[in-house]
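1. the following comprises the amino acid sequence and a computationally predicted model.
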Amino acid sequence: MILLPAIEQETRSNPDASVIWLHGLGANGYDFAPIVPELGLPQELGIRFIFPHAPSIPVTVNNGYVMPAWFDILEMDIDRKVDAAQLLVSAGAISRFIDREVERGIDSRRIILAGFSQGGAVAYQVCLSHPRPLGGLIAMSTYFATSDSIELSEANRDLSIEIQHGLYDPVVPQALGIRAAEFLKDRGYSVAFRTYPMDHSVCPQQLGHLAEALQRFLE
């Protein structure tokens, strides 16, 4: 199985849960790796955190500059024209991490996806279309780019979803986070939606809610 390069951290030996965490445009797996100790998770909670690195591709809105990206951004209004083909390629690459965790003995119901911005758009696609039941989805400062085309998986109709967004986000407006939450609630998904007084970032207040969500998903 060919996997993207990634960073791994384990909170203890022989973990029984996995979190696959996807970074945003222009970043890499190192962007969120330092957050693990800041979550203050209980020592008895054994989690393998996996932080994949997106491939480097030309990004249209940045004059074709090559940078780490899960898919191309074609217009400044990011939700109007989506590079769905590349997004699906990235979703397939992340699904292979899920397959590998199952091969390593992790129950798919204890595999969680977290994604920030572009990474969150990929996480939506992966979790909500995946044939195996997963443990949860954390979508941060992101949008549901493939909501019009996704084939929703019956295996994940009961998926717990945590959506977090900045009130003053100039990159992915809060309205897109609300739109994703409403789309999912209208279809019967369990969604928690939280906002924070921040822009396109992560704030200290959010860390407690991230830790709370992870523990709730893994109860």
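-> Cool, the structure landed.

2. show me where this structure has helices.
-> Along the chain, counting by DSSP state H, helices occupy 35-38, 84-103, 118-129, 174-186, 204-217.

3. start and end of stretch 5-15, how far apart?
-> One end of stretch 5-15 to the other measures 20 Å (Cα to Cα, to the nearest Å).

4. model confidence over it, on average?
-> Taken as a whole, stretch 5-15 carries a mean pLDDT of 96.

5. contacts for it next, please.
-> Contact with stretch 5-15 is made by 29-30, 33, 36, 41, 43-53, 97, 106, as judged by Cβ atoms under 8 Å, 6 or more residues apart in numbering. C-beta here means a position set from N, CA and C on the backbone, and glycine is covered the same way.

6. and for stretch 190-207?
-> Residues outside stretch 190-207 that contact it (Cβ under 8 Å, 6+ apart): 35, 38-40, 116-117, 140-141, 158-172, 174, 177-178, 181, 184-185, 209, 213.

7. show me the shaky parts of this protein.
-> Across the chain, residues meeting the criterion (pLDDT under 70) sit at 79-80.

8. try it again at 90.
-> 1, 43-44, 61-62, 74-82, 219 (pLDDT under 90).

9. what segments of the chain are strands?
-> Ranges of strands within the chain are 6-10, 17-22, 47-52, 56-59, 65-68, 111-116, 136-140, 160-166, 190-196, based on DSSP state E.

10. so Glu151 touches Ser129, yeah?
-> Yes: here Glu151 reaches Ser129: they are 5.8 Å apart, a contact under Cβ atoms under 8 Å.

11. and these two? Which one has more around it.
-> Between Glu151 and Ser129, counted using other Cβ atoms under 10 Å, Ser129 has the larger neighbour count: 18 against 7.
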